[in-house]
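Student: Based on what follows, work out the 3D shape:
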Amino acid sequence: MSRICQLTNKKANNGYAVSHSHRRTKKLQHVNLQYKRVWWPQGNRWVRLRLSTKAIKTLKNKGIEAMARQAGIDLNNY
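Tutor: Predicted structure coming up:
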């Protein structure tokens, strides 16, 4: 499974690690992904998603139904 948030589609960022002598080497800045069980009231069941921590914070405000609709995913498959 790839390291992508299922609701926001966030993924790794390419960047440079810069040393004290200013030598730059490429590095990946990965998303802080967590497995989260979220209660889905319309489906009357728990849904297990792999979300970024930013998405978990947003989920508390918007709700799972609105975020899933915006992401274009069907929660019946999770």
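Student: Just the residues contacting the helix of greatest length in the chain, thanks.
Tutor: Identified as the longest helix of the chain according to DSSP state H is helix 53-62. Residues from elsewhere that reach helix 53-62 (CB atoms under 8 Å, 6 or more residues apart in numbering): Cys5, Leu7, Thr8, Lys10, Asn32, Gln34, Lys36, Val38, Leu51, Met67. All C-beta spots, glycine's among them, are computed from the backbone N, C-alpha and C.
Student: out of these, who's nearest Arg45?
Tutor: Val38 (10.1 Å; CB to CB).
Student: Make a PyMOL selection of the buried ones in the contacts of helix 53-62.
Tutor: To isolate the buried ones among these in PyMOL, judged by 16 or more other CB atoms under 10 Å, type:
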select buried, resi 5+7+8+10+36+38+51+67
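Student: Where helices are concerned, which of the contacts of helix 53-62 count?
Tutor: In this view, the contacts of helix 53-62 that belong to helices under DSSP H are Met67.
Student: circling back to that earlier point, would you mind writing the CA trace of the longest helix of the chain as PDB?
Tutor: Extracted in PDB, the C-alpha atoms of helix 53-62 (Å, rounded to 0.1, in the frame of the first residue of the first chain):
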ATOM      1  CA  THR A  53      -2.800  13.800  11.100                       C
ATOM      2  CA  LYS A  54      -4.000  16.900   9.300                       C
ATOM      3  CA  ALA A  55      -7.000  15.000   7.900                       C
ATOM      4  CA  ILE A  56      -7.800  13.600  11.300                       C
ATOM      5  CA  LYS A  57      -8.100  17.200  12.600                       C
ATOM      6  CA  THR A  58     -10.200  18.300   9.700                       C
ATOM      7  CA  LEU A  59     -12.400  15.200  10.100                       C
ATOM      8  CA  LYS A  60     -13.500  16.400  13.500                       C
ATOM      9  CA  ASN A  61     -14.900  19.600  12.000                       C
ATOM     10  CA  LYS A  62     -16.300  18.500   8.600                       C
END
